[in-house]
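Asker: my questions concern the predicted model and sequence given below.
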Amino acid sequence: MHVKRRSIAALAVAGLAAVSITACSSPEDKVPSIGYSFDNVVNTYNARTVDGAASGARQAFTRVQVGFSYLGPEGDALSDNDIGTVSVVPGDVLTVQYSIAPAATYSDGAPMACDDLVLAWAANSGRFATDRPMFDAASTAGYSDIQRIDCVPGSKEATVVYAPGRSYQNWRALFGATDLLPAHVAARAAGVPNVVDPILAEDDDVVSRIAEFWNTGWTLTPGSIDLSLLPSAGPYRIESYTAEDGLVLVSNDAWWGVPPQTEQVVVWPKGTDLAAKSADGSLDVIDHGAGAGAVDLGTIEGFTTTEEPSRGVEQLTFATQGVLADASARRAVAACIPRSDLFDTLGHPGVEAASAGLGSGVVDSRLIRPDTLEYPSVATVVGDRYQRSDLDQAGRELAAAGENALTVRVGYRGPDARRAQEVSRMATDCAAAGITVQDASSPDFTPSALRAGAVDAVLGSSGSLPGPSGSAAGVTARYSLRTGIGLNVGGYSNGRIDSIIDQLAVTDDPERILALATEGENILWNDMPSLPLYNEPRTTVVSDGMQDVVPNPTAAGAGWNMDRWVLLR
């Protein structure tokens, strides 16, 4: 059970002592437990499956499942030297040498080894499949470009060799935080000495058993978790998880790096009563989509609020089956949605937006980020179309689809006040065009519902994800449009778009990027597999007395550096 503290309001005066607190405060000044809340559920230890990516696993475990990099506040992959060293081997083919720190050990005593990298590669590369992929990976971005990994089971060394011509530009983000899961646990569950031998031998029978565990074996159910399956290789480890007391992370005694500043962080997932928890002193850091909660987080006494645009783009992802199987039907829905008005009323970021180069208006590209040099040119593809509700265009598109009316069910993980307002506004404007927009949200909604036909569109951030998402590389957004990718929940498939995404992944030539993205957006605005809206605004709320909380409006969330957090009395 986590430590209960005095009301946060009683701690407000602690904010006055703000200079170099971490360095000069004594241990008795520090509160031993910090409460952290974000707007997603935590139902798995594996952030790399389709449903895991749509959960809050990445936000909860970024300092539990460490890797060779982590996602910093600017959205870039930053090296984590505690895990080991990384070096590029000279040559015509991209080859990367990974050396795991000799002291790197899981909390159960098992050493970190190259086995962990081999498991990550096998699971996320898409190379193991029979009638369908064995591993339910959210994305194969980058991992599919790796030709092989040289690894002796149990070794601290791994050599990753990419396929010729596939020098993946964002390779530093691979094998990062929450990508590396304990391979020795998967081997034990599959009944084999290690995962490396069967994976490198392409033994489908054994690999299928490993995949079965990787897909479902790390499910987390509050009140019923098996800690033997959840060893940590980071500064924190899981101690317990119940609905009453939250997900309790405690200092990992086996951690070989700098110890965390605070002994315990209690994670309160989506569904937590934020007003009650903040009033009784259980919450110190809150990371939510702006306007998403029933409680106005900016009005909670004893807290400071920061709002800024995220790297994730709020969007509608359409099904390519059912009532929206025809591209004309998808364009009809897009035509009646008031994108500019939605941004003006729900998408405005705080003061930080202008300086960040994000959040200045509606987003007009799925392939290029708004803060890049190429974006203004690529964004001209759409022109003035789809900025405001255009009932005439919607009517023409409906007729082209052979319809005079449509009903579109829009799903998202609720409750979410901002997204509820978005759907309500869409419903009002689209009704005049004969398009009925229904709110199909639920607390247990996952984007996979679109693939299953339970809804016709998903309202979420990049990759259709309900919580924090996005990075400076924009990989999730691009690959969620590629054929066969797990997060391509709408089932969109276009061979030319696949080729463009593949080429964008391996080029840094601005002229080539501009040409590819322009061609791609011309296709995408016609096919309309998704409708980008705006950079999702994120809100970070921090209690007075907290030190070293740095908002991170990316897929990592505010918890990216939770081991540095300190709360003073």
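Answerer: It's in. Numbers count the residues shown, from 1 in each chain.

Asker: how much space between V50 and T380?
Answerer: 34 Å (C-beta to C-beta, to the nearest Å). (Glycine included, C-beta is placed from N, CA and C.)

Asker: who's more crowded, those two?
Answerer: V50 (23 against 12; other C-beta atoms under 10 Å).

Asker: so what pLDDT did the more buried one get?
Answerer: At V50, the predicted lDDT confidence score is 97.

Asker: try the one 5 residues further on
Answerer: According to the model's per-residue confidence, S55 sits at a pLDDT of 97.

Asker: looks to me like Y534 is in a helix.
Answerer: No: the assignment for Y534, made by DSSP: H, G, I helix; E, B strand; the rest coil, is strand rather than a helix.

Asker: quick one: contacts for L524?
Answerer: With contact taken as C-beta atoms under 8 Å, 6 or more residues apart in numbering, L524 is in contact with 366-367, 481, 497, 530.

Asker: which of the residues you listed has the largest number of neighbours?
Answerer: For the contacts of L524, neighbours were counted using other C-beta under 10 Å, and L481 has the most, 27 neighbours in all.

Asker: so how far is S365 from that residue?
Answerer: When C-beta to C-beta is applied, the distance between L481 and S365 equals 12 Å.

Asker: let me see the contact set for A60.
Answerer: If you count contacts by C-beta under 8 Å, 6+ apart, A60 has them with 38, 42, 247, 249, 267, 269, 559.

Asker: mark which of those are part of helices, please.
Answerer: Among the contacts of A60, no member falls in helices (criterion: DSSP state H).

Asker: what residues of stretch 301-317 count as buried?
Answerer: Of the residues in stretch 301-317, those buried under the neighbour-count criterion (16 or more other C-beta atoms under 10 Å) are 302-303, 305-317.

Asker: distance between the longest helix along the chain and the chain's centre?
Answerer: Residue-count comparison of every helix in the chain, with assignments taken from DSSP H, identifies helix 510-527 as the longest. In this view, helix 510-527 has its centroid 24 Å away from the chain centroid, taken as C-alpha atoms, centre = their mean, to the nearest Å.

Asker: what of stretch 202-221?
Answerer: Relative to its parent chain, stretch 202-221 has a centroid offset of 22 Å by C-alpha atoms, centre = their mean.

Asker: list the buried residues of it.
Answerer: Buried residues in stretch 202-221, counted by 16+ other C-beta under 10 Å: 206-207, 209-215, 217-220.

Asker: same check on stretch 262-279?
Answerer: The neighbour-count check on stretch 262-279 (16+ other C-beta under 10 Å) flags 262-270, 272, 274-275, 277-279 as buried.

Asker: circling back: and the contacts of L524, which is closest to A138?
Answerer: Using C-beta to C-beta, L481 comes nearest to A138 of those, at 13.7 Å.

Asker: rewinding a little: list just the nearest of the buried residues of stretch 202-221 to G467.
Answerer: The shortest approach to G467 among the buried residues of stretch 202-221 belongs to L220, at 15.6 Å (C-beta to C-beta).

Asker: need the worst-confidence member of the buried residues of stretch 301-317.
Answerer: Within the buried residues of stretch 301-317, pLDDT is lowest for G302, at 85.

Asker: that one against V541, yeah?
Answerer: No: in terms of C-beta atoms under 8 Å, G302 does not count as a neighbour of V541; the distance is 10.2 Å.

Asker: ok, and for stretch 144-161, which residues are buried?
Answerer: Buried residues in stretch 144-161, defined by neighbour count with 16+ other C-beta under 10 Å: 144-146, 149, 151, 153, 156, 158, 160-161.

Asker: name the nearest residue to A556, sequence neighbours excluded.
Answerer: Distances taken as C-beta to C-beta, 6 or more residues apart in numbering place L71 nearest to A556, at 3.9 Å, with adjacent residues excluded.

Asker: what's the most distant pair in the buried residues of stretch 262-279?
Answerer: By the measure C-beta to C-beta, E263 and A275 form the most distant pair in the buried residues of stretch 262-279, at 26.5 Å.

Asker: would you list every one of the strands in the stretch 201-350 of the chain?
Answerer: Read by DSSP state E, counting those that start in this stretch, the stretch 201-350 of the chain holds these strands, from start to end of the chain: 236-242, 246-251, 264-268, 285-289, 303-318.

Asker: tell me the strands beside the last one, with direction?
Answerer: In other words, strand 303-318. Paired strands of strand 303-318, with direction, are strand 457-460 (antiparallel), strand 530-543 (antiparallel) (DSSP bridges).

Asker: I'm done for today, thanks for sticking with me.
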